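Student: Got a predicted structure plus its sequence, pasted below:
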Amino acid sequence: MSEPVLRRAHPVLRAPFNVWDLVAAALILGVFLTISHGAKETFAPLTTLAKTPISLDPWRLPEYALRTSLRMIGGLAASLAFTLSYATLAAKSKHAEIVLIPLLDILQSIPVFGYLTFTLAWFLALAPGNVAGAEFASVFLAFTAQAWNMAFSFYQSLKTIPRDLEEAANSFGLTPWQKFWRLEAPYGAPALIWNMMMSMAGAWFFVTASEAFTVGVTNVTLPGVGSYIAAANDRGDHAAVMWAVIAMAATILIFDQLFFRPLVAWAEKFRVELTAAADPPRSWLLDVLRRTRLMQRVGEPLGVGARWIASFRIASTVQLPRPPALSARGERTFDVVWLGLVVGLALFAGREIVAFVAKELTWREVLHVLVLGLYTLARVVILIALASLIWTPIGVWIGLRPKVAERVQPVAQFLAAFPVNLLYGAVVSGIIMFHLNPNIFLSGLMILGTQWYILFNVIAGASAYPTDLKQAAQSFGIKGLLWWRNVIGPGILPYFVTGALTASGGAWNASVLSEVVSWKGQTVRAAGLGQYIYDYTASADYPRVMLGIAVMSLFVVGLNRTVWRPLYQLAERRYRFD
Amino acid sequence: MPKTADARTLITVEDVRMCYSPDGKGPLVLDGVNVAIEEGEIVSLLGRSGSGKSSLLRIIAGLLKATHGRALWQGQPINGPSPGVAMVFQSFALFPWLTVEQNVELGLEAQRTPAAERARRAEEAIELIGLGGFESAFPKELSGGMRQRVGFARALVVHPELLLMDEPFSALDVLTAETMRTDIIDLWIEGRLPIRSVLMVTHNIEEAVLMSDRILILSSNPGRIMAEIKITLPHPRNRDDPRFRQQVDDIYGRMTARVPGDRGDKGGGGFPGVGVGMALPPVSMGELAGLMETLSASPDGRADLPALAEELNFEVDDLFPIAETLQLLRFAEVAQGDIQLTPAGRRFAESDLEDRKRLFAEHLVAYVPLAGLIKRVLDERPNHRARAARFSEELEDFMSEDYAEDTLKAVVDWGRFAELFSYDEADQTFELEEA
């Protein structure tokens, strides 16, 4: 797709088709077929769900996996649209920025499940008597699991666009619309796509969880891998759980190979470093598409069309600001009014929330919830520490051996993407069987899925460790504790912090689903904030759910501000090699 | 296109002033600048970093608004980038995700030129600038020289009347830069460039003499037009021609000439700002000591700056800040293109490390007001500690954040060598060195 010029310059008569065309054609037809099927089911009346209960027949799994994937894709598309508009607005307008960025920070700290609780009723009312309402709620959950990260990443990219490129775009008279497609969107693409891939893990977790869920009397069961698992847990069917795990694994692999690999390989060209990367990411699918003549035929007009749209002269070119002396006063007045408006609105909203919660609840309850928060906090801290102790040495060992790292890295990434909630029931069957203490043994569940972030970030850090430093340490015979403290430790710290931060965030989110788990009609509980939120969601006690979510946000934000952010800044400042 | 008899004026800059801070306070970058660019000439803005030459270029390009005064494009006030002006950037500023051809077509595409016309003109510019065959390459596949050729083609393709160049050759290696200069001049002489005039910003004196019809020398702090020099040597110009050398030496002399009455209020350096608010260049201790040692090798401790620059393979922008820092510290005197070691400077060069540190500390406290201030604050405080923010905030009243950072960095480096104080990077605090 990148060489239309060469071919135009040297027109050679060639056979219209090659082998890859057949491969590509089959793939495309398959995609059309599946989308049309999914679309038909999405708009079926709600009663069809009741008529066709979830079947544990493994042959139904491909269809269920497809339905789950379509929800995922819907969430992804919504996140992308949100990112491009929200982050751009925040980066372009100073006044929008002071509201949108702190808002994003809060949105990010709210447990993903909290969104479902409060929006499910609204979504169901949106399309009464139709499956679409429940489907939308599920898609929305996939959206909330990815959108915030993506928006942050894109915002940060927009804020760090090199000044010379910005000036070049302005001096050649590009309008804001042209500049967005020519400069800003391409510049932000690599980081955005990488973040998209990372957020997928959480999204799978919540899409599957949202397929079988109860808020008060509203009981939703959408056909999908998640509801299949729920049914299997109800009946205690180990074989069915295993089939679902296989189906999910296959789905994630397909997504990775057909969607993210090609995307990441393609986005490589948007990297700004002017030297070619030594080992750029590759994708067999992208190679196929690039080699396929049919795809080039289809691709070229598409490319020309996209270029045409991107060159619309929407809005006028950059105008210089008025002389500062004239505008300063007017602008300052506007700033004050705007700030006042925002603060006023926030105070009003805060009062309403307090009133809503206070009508039903006592201070004693608030205290109780805070204590529950401490339980969950203790779990998160202990588990992150344990996971770090286990995975850091292993990650370093792997990362220092390129041959091993090459094989293990994709596995670790895959494990991070796998929605482990599918396994919760099976794990709990063990706890029930051996009469283990759920307060201790349920805890492990929350880190089951997120520990891999620590592993693969540490591997990445150790792989990137400069060879000359490694050799210097070797030649001075530095070993043992000294080596960990002065050689490898500081070198991998930025990577480790990134991994641990992600793992901690994921663990908080997972706590809502991992502190209460059922198997074959038996429910196991661990006291904690997640359990509190889960239980009151099931009984639709909104003030208590609100309280629980607020406390969890508080803990997450607090932990970020006091531990992770300072640690991250320290690591960035002191221990980055570039 | 060389000059014709009835030349129009393309650019008029009238009484332009520019401040560091947007509110119009603080030290000036440019002050009372008047410039006229006519059709058919190549004009160079020659000055050192901090002379505001890049700001002036951006005001003319419509990328920056002057704090005071006005800039006119063919008689009309400049309110934004004009289609009649195109710019070549020091860093090339190519879009890495666009091919050579797409990069070149960018300006035309912004104006929604029809595709056929676009392709034709791009092809023309690409051929003209010697990029034929590289149309489908991405910038990262090209060498620095080829990248800057793309930068030129991208600017020329819009057929601008005025071509602006912001130090276009300074990011290239010596050989490549020379080839490109001659290529551009040849095309200009032959009248094959689709442009009427060129305005180039540079800090390289020889480059300015080699290429321009007229050189405007900007003084530093604030930037003012200090001199205007017409170069009438015929093209192609030869660097070894005695008249060429004479021009270069003359300009060196002017750029280091001491303006009468300047000494007193500038504290000897010629750096922007006075007292604590003096902006210092990021010159390292090694460079200062190295230059003093080099000078002390000659019996009279004196050297001709152009000759010295050539010997050390330095450009003006590398050498001047070191020379002037020595002048500020009273280790050397700079005047009329010469540098002369003072007795203190000679003593420094001939001492051992301990004595050097002691001598340097004395001069640092005495002649660099910021260093003196830091020392005083640390002495006065009971715990002998002070946060860097305490000083950087004070600096930012006088200069931009970037300059404040450079200034503080310079003082930290010098102060550490002199063992005046220690600096903890992680906590960003100064602490008094234990005696």
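Tutor: Great, that's in hand.

Student: In this structure residue B:31 contacts residue B:221, no?
Tutor: No. Using CB atoms under 8 Å, residue B:31 makes no contact with residue B:221, being 9.4 Å away. The way it works is simple: take the backbone N, C-alpha and C, and place the C-beta from them, glycine included.

Student: Show the contacting residues for residue B:346.
Tutor: When contacts are counted by CB atoms under 8 Å, 6 or more residues apart in numbering or on different chains, residue B:346 touches B:296, B:301.

Student: Let me know the next secondary structure element after the strand or helix carrying it.
Tutor: Element membership for residue B:346, per DSSP states H and E: helix B:343-350. Proceeding N to C from helix B:343-350, the next assigned helix or strand is helix B:353-367, under DSSP H and E.

Student: who does that following helix touch, helix- and strand-wise?
Tutor: Applying 3 or more CB pairs under 8 Å, 6 or more residues apart in numbering or on different chains; DSSP states H and E, we find helix B:353-367 packed against helix B:343-350, helix B:369-380, helix B:401-418.

Student: closest one to residue A:80 among the ones you listed?
Tutor: helix B:401-418 (35.1 Å; CB to CB).

Student: got the CA coordinates for that closest one in CSV?
Tutor: Taking C-alpha atoms only, helix B:401-418 is exported to CSV below (Å, rounded to 0.1, in the frame of the first residue of the first chain):
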residue,chain,number,x,y,z
GLU,B,401,12.3,28.8,31.0
ASP,B,402,14.8,27.3,28.6
TYR,B,403,17.4,30.0,29.2
ALA,B,404,16.8,29.8,33.0
GLU,B,405,17.5,26.0,32.8
ASP,B,406,20.7,26.6,30.8
THR,B,407,21.8,29.3,33.1
LEU,B,408,21.3,27.2,36.2
LYS,B,409,23.0,24.2,34.6
ALA,B,410,26.0,26.3,33.8
VAL,B,411,26.3,27.6,37.3
VAL,B,412,25.9,24.1,38.8
ASP,B,413,28.7,22.8,36.6
TRP,B,414,31.1,25.7,37.4
GLY,B,415,30.1,25.7,41.1
ARG,B,416,30.7,21.9,41.4
PHE,B,417,34.2,22.3,39.9
ALA,B,418,35.0,25.2,42.2
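
Student: And residue B:222, its phi and psi?
Tutor: Main-chain dihedrals, residue B:222, degrees, to the nearest 10: phi -80, psi 170.

Student: tally of neighbours for it?
Tutor: When counting by other CB atoms under 10 Å in any protein chain shown, one arrives at 21 neighbours for residue B:222.

Student: what's the answer for the one 3 residues further on, then?
Tutor: The local packing count at residue B:225 equals 19, with neighbours defined by other CB under 10 Å.

Student: For the stretch 151-300 of chain B, what lies in contact range of chain A?
Tutor: By the rule CB under 8 Å from any CB of the partner chain, the part of the stretch 151-300 of chain B lying against chain A is B:154, B:158.

Student: List the residues that contact the closest residue to chain A within the stretch 151-300 of chain B.
Tutor: Nearest residue of the stretch 151-300 of chain B to chain A: residue B:158, at 7.2 Å (CB to the nearest CB). Residue B:158 sits next to A:172, B:83, B:86, B:107, B:108, B:111 when contact means CB under 8 Å, 6+ apart.

Student: Quick one: classify it as helix, strand or coil.
Tutor: Three-state assignment for residue B:158 (DSSP: H, G, I helix; E, B strand; the rest coil): coil.

Student: Could you check how far the residue in the stretch 451-578 of chain A positioned nearest to chain B is from residue A:566?
Tutor: Closest approach between the stretch 451-578 of chain A and chain B, counting by CB to the nearest CB: residue A:574, at 6.5 Å. Distance of residue A:574 to residue A:566, given as CB to CB, to the nearest Å: 12 Å.
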